[in-house]
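S.K.: Kindly generate the corresponding structure for this input.
(one chain, ligands or ions: 1)
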Amino acid sequence: MTEARTAIVTGAARGIGAAVAERLASDGFKVAVVDLDEAACQNVVDKIKESGGEALAVGCDVSNEEAVNAAVERIASELGAPTGLINNAGVLRDNLLFKMSADDWDTVMNVHLRGSFLMTRATQKYMTEAKFGRVVNLSSTSALGNRGQANYAAAKAGLQGFTKTLAIELGKFGITANAIAPGFIVTDMTAATAERVGMDFDEFQKAAATQIPVARVGRPDDIAAAASFFCREDAGFVSGQVLYVAGGPKD
Ligand code: NAP
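M.R.: Predicted coordinates:
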């Protein structure tokens with residue numbers, strides 16, 4: 001990389017987002033660590049700075065249009081024009097369809113789909129100006145359907161269509177858009193799922209691993225490695241793809 005580029009990672013205070021932020025910083029990006037609570041981002045920012053990188057903590061609800069526009073402007077002026085964007089912020093509101101509230105449907109759509117749309121729209125102007133951009137959206141194996149996740153599955157499948165459309169519209173500006181669809185990754189999100197189904201988290205992981213061809217559950221670093229690839233300068237001919245990172249074939 002000739003000059004340090006700026007990348008934004010949403011939902012980066014913990015879990016997959018934190019691992020992606022740290023990985024992109026070690027790849028040479030200046031990283032905006034975005035999450036709901038700005039103070040919660042500080043740990044990740046400190047780790048990046050201790051390793052010699054540059055990072056900025058930014059509090060922002062990605063589903064809030066004004067907050068997103070203000071956050072992206074701030075990142076551009078304090079860190080540099082963002083030409084990398086990882087739409088990772090996410091929530092679960094699992095329930096069987098007949099018990100799912102409209103609020104639970106809307107919350108999931110707002111964070112995953114509206115959030116990714118707002119962040120990408122606010123960031124694309126910097127990418128088109130730079131004639132370079134890398135957008136990576138976090139989908140999920142749940143996009144293929146998953147009991148108790150009608151809202152989440154629809155949002156994650158929606159992100160795949162969003163990704164392919166970005167690739168088509170923005171390709172001529174040197175911008176790629178790809179999606180990563182993780183399988184089971186050990187984070188607070190999967191810990192919450194274990195709690196919801198009444199299982200000890202270790203037992204839950206062991207049970208999940210028996211269903212995964214590589215015979216282990218995934219780690220945030222597994223997803224960070226895939227995001228790092230999509231953000232590379234020399235990955236410019238890879239666009240509109242959905243990469244299942246699930247320890248085996250999924251689609
Ligand atoms: P996580 O540990 O729950 O972290 C998600 C982060 O997103 C949290 O820090 C959360 O903040 C933040 N967030 C939630 N709503 C937000 C909003 N409106 N604006 C800004 N930030 C927000 O989840 P994860 O497991 O790392 O998952 C990261 C992404 O990968 C998600 O999109 C998820 O759907 C996807 N994914 C995960 C798995 C898996 O097995 N873990 C599998 C497939 C896909 P708070 O802590 O303040 O709520």
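
S.K.: contacts and neighbour counts: CA atoms only from here.
M.R.: Noted.

S.K.: what about the residue nearest to residue 109 when sequence neighbours are not counted, distance to residue 15?
M.R.: Excluding the flanking residues, the one nearest residue 109 by CA to CA, 6 or more residues apart in numbering is residue 155, at 5.8 Å. Per CA to CA, to the nearest Å, residue 155 is found 19 Å from residue 15.

S.K.: Repeat that for residue 75.
M.R.: Counting by CA to CA - residue 75 and residue 15 are separated by 22 Å.

S.K.: Among these two, which residue is more densely surrounded?
M.R.: Legend: neighbour count by other CA atoms under 10 Å for residue 75 and residue 15, higher for residue 75 (23 against 18).

S.K.: wouldn't the more buried one be in contact with residue 30 here?
M.R.: No - between residue 75 and residue 30 there is no contact under CA atoms under 8 Å: 10.2 Å.

S.K.: ok, back up a step: isn't there a strand covering the residue nearest to residue 109?
M.R.: No - secondary structure assignment places residue 155 outside any strand; it is helix (DSSP: H, G, I helix; E, B strand; the rest coil).

S.K.: Next up, the contacts around the nearest residue to residue 188 once chain neighbours are set aside.
M.R.: Distance criterion CA to CA, 6+ apart; nearest residue to residue 188, sequence neighbours excluded, is residue 15 at 6.8 Å. By CA atoms under 8 Å, 6 or more residues apart in numbering, the residues touching residue 15 are 186-188, 220.

S.K.: So what pairs up with residue 135 in the strands?
M.R.: Residue 135 forms beta bridges with residue 85, residue 177, as assigned by DSSP bridges.

S.K.: What parts of the stretch 151-251 of the chain come near the ligand?
M.R.: 182-190 (CA under 6 Å from any ligand atom).

S.K.: wait, what's in contact with residue 40?
M.R.: residue 13.

S.K.: Residue 20 now?
M.R.: 9, 12, 220-221, 223-225, 227-228.

S.K.: cool, and residue 221?
M.R.: If you count contacts by CA under 8 Å, 6+ apart, residue 221 has them with 16, 19-20.

S.K.: Can you flag which of these belong to helices?
M.R.: If you go by DSSP state H, the contacts of residue 221 have 16, 19-20 in helices.
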